[in-house]
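Trainee: Pasting the sequence and the predicted model now:
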Amino acid sequence: MSYYRILGFDKEPFSTSPDPEFFYSSREHERALTNVLIELRLKRGLSVVLGDVGTGKTTLSRKLIQDLKMREDCLFHIMLDPVFESNALFLQSLVRNFGIIGEPPAQPFTITELREKLERFLFQKGIVENKTVILIIDEAQKLNEISLEALRVLLNYETNQFKLLQLVLLGQSELMQTLRGIPNFLDRISFKTLLSPLDYTEMKEMIYFRIKQAGYQSKMDLFLEEALREIYQFTHGYPRKVTMMCHRALKEMLLKNKLVVDREIVKGIIEDEVHAGWQTADSLLQKSSF
Ligand SMILES: Nc1ncnc2c1ncn2[C@@H]1O[C@H](COP(=O)(O)OP(=O)(O)OP(=O)(O)O)[C@@H](O)[C@H]1O
Ligand SMILES: [Mg+2]
């Protein structure tokens with residue numbers, strides 16, 4: 001039997017997958033989501049969400065998709081690993097994933113043909129059918145200059161009132177460095193935000209929100225305040241680090257036959273990490289995930 005069932009959960013409370021059901025609306029996550037949705041509604045073109053490793057960008061994108069799926073006027077595609085060696089490959093991927101062409105043609109389309117197909121598609125959907133066409137790109141720090149230039153061209157397709165393609169980029173902070181080097185791309189950003197780690201209160205709320213979402217019904221708190229303080233000191237509120245620590249702490253609690261996670265359990269895990277060389281006691285502001 002899984003450890004979480006023994007503890008009375010229906011689902012794993014601290015899985016590291018970006019499940020939107022476990023999305024806790026921290027102040028910054030909420031602000032990012034609301035603003036991206038506003039930009040999409042206004043069809044203003046380009047939104048950028050930045051954040052360090054494990055701050056919740058992918059989870060936020062899943063939450064965004066969950067919201068968009070309920071809107072019939074939206075048509076979207078999410079790119080998870082935007083690594084393309086050439087402009088043609090990048091455009092081909094867009095054309096295929098937006099369902100503009102089915103089977104690959106015998107003769108590959110030229111870049112001009114691919115651009116024309118995309119432009120016609122954006123015109124048809126955006127103007128004739130009045131839909132919002134959205135491209136969400138996760139791990140956007142991996143986009144190379146060629147792909148960014150292709151996106152810039154697509155962002156130029158517009159009517160007098162709105163852009164025909166809405167673009168949401170989510171990426172690690174180095175994306176900003178790249179974009180700073182392309183002023184005519186930077187200029188087109190209509191909303192940008194940087195996700196910071198959670199503060200102590202939010203971290204605690206996220207932990208209890210996830211516990212509740214996983215179906216825990218008992219009134220008894222699973223984490224002592226002293227343990228939460230220790231977790232915060234160790235993780236600095238980075239959601240992935242918090243999630244992984246809580247997962248390990250609950251398993252450790254079971255192994256030790258305890259009813260609650262106390263400081264000793266958390267300290268034991270931290271010592272293991274440091275001992276195994278995965279972390280140094282003061283390395284936690286670095287971008288490593290554990
Ligand atoms: N707002 C949130 N509410 C609940 N859990 C969250 C939240 N943000 C992140 N998490 C949890 O933290 C972990 C990491 O989140 P996520 O994968 O979204 O981070 P990321 O910013 O995309 O990281 P990376 O830069 O490595 O791609 C996941 O387990 C996710 O469930
Ligand atoms: Mg991610």
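Mentor: Received it, and whenever you're ready, just let me know what you need. What you see is a predicted model, and the numbers here were worked out from it, not measured in a lab. Ligands and ions are numbered 1, 2, ... in the order given.
Trainee: what residues does stretch 205-219 touch?
Mentor: 4, 7-14, 21-22, 24, 26, 198, 222-223, 228, 239, 242-243, 246 (Cβ atoms under 8 Å, 6 or more residues apart in numbering). Placement of C-beta: from N, CA and C, glycine included.
Trainee: go again using 10 Å as the cut-off
Mentor: Stretch 205-219 is contacted from outside by 4-5, 7-15, 19, 21-26, 29, 56, 198-199, 202, 221-223, 228, 231, 237, 239, 242-243, 245-246, 249-250, 261, using Cβ atoms under 10 Å, 6 or more residues apart in numbering.
Trainee: Could you tell me which of these count as buried?
Mentor: 4, 7, 9, 11-14, 19, 22-26, 29, 56, 198, 202, 222-223, 228, 231, 237, 239, 242-243, 245-246, 249-250, 261 (16 or more other Cβ atoms under 10 Å).
Trainee: thought Leu167 was touching Lys43?
Mentor: No: counting by Cβ atoms under 10 Å, Leu167 stays clear of Lys43, with 11.0 Å between them.
Trainee: so what's the residue in the stretch 151-290 of the chain positioned nearest to ligand 2 up against?
Mentor: The minimum distance from the stretch 151-290 of the chain to ligand 2, using Cβ to the ion, falls at Leu170 (7.2 Å). By Cβ under 10 Å, 6+ apart, the residues touching Leu170 are 32, 36, 47-51, 56-58, 60-61, 64, 78, 136-141, 195.
Trainee: so when I look at it, I'm seeing a strand, right?
Mentor: Yes: looking at Leu170 with DSSP: H, G, I helix; E, B strand; the rest coil, it is inside a strand.
Trainee: re earlier: among the buried ones among the contacts of stretch 205-219, which are in helices?
Mentor: Cross-referencing the buried ones among the contacts of stretch 205-219 against helices under DSSP state H gives 4, 29, 202, 228, 231, 239, 242-243, 245-246, 249-250.
Trainee: all helices for the protein, in order.
Mentor: Assignment of helices within the chain using DSSP H yields the ranges 3-6, 27-42, 57-69, 87-97, 111-123, 145-155, 174-180, 183-186, 200-213, 225-235, 239-255, 263-275.
Trainee: and those helices as a markdown table, adding mean pLDDT and distance to ligand 2?
Mentor: Compiled in a markdown table, the helices of the chain are given as follows (pLDDT from 0 to 100; distance: least, Cβ to the ion, whole Å):
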| stretch | mean pLDDT | distance to ligand 2 |
| --- | --- | --- |
| helix 3-6 | 81 | 24 |
| helix 27-42 | 96 | 13 |
| helix 57-69 | 96 | 3 |
| helix 87-97 | 93 | 19 |
| helix 111-123 | 94 | 26 |
| helix 145-155 | 92 | 18 |
| helix 174-180 | 93 | 12 |
| helix 183-186 | 90 | 21 |
| helix 200-213 | 97 | 17 |
| helix 225-235 | 97 | 17 |
| helix 239-255 | 95 | 9 |
| helix 263-275 | 90 | 22 |
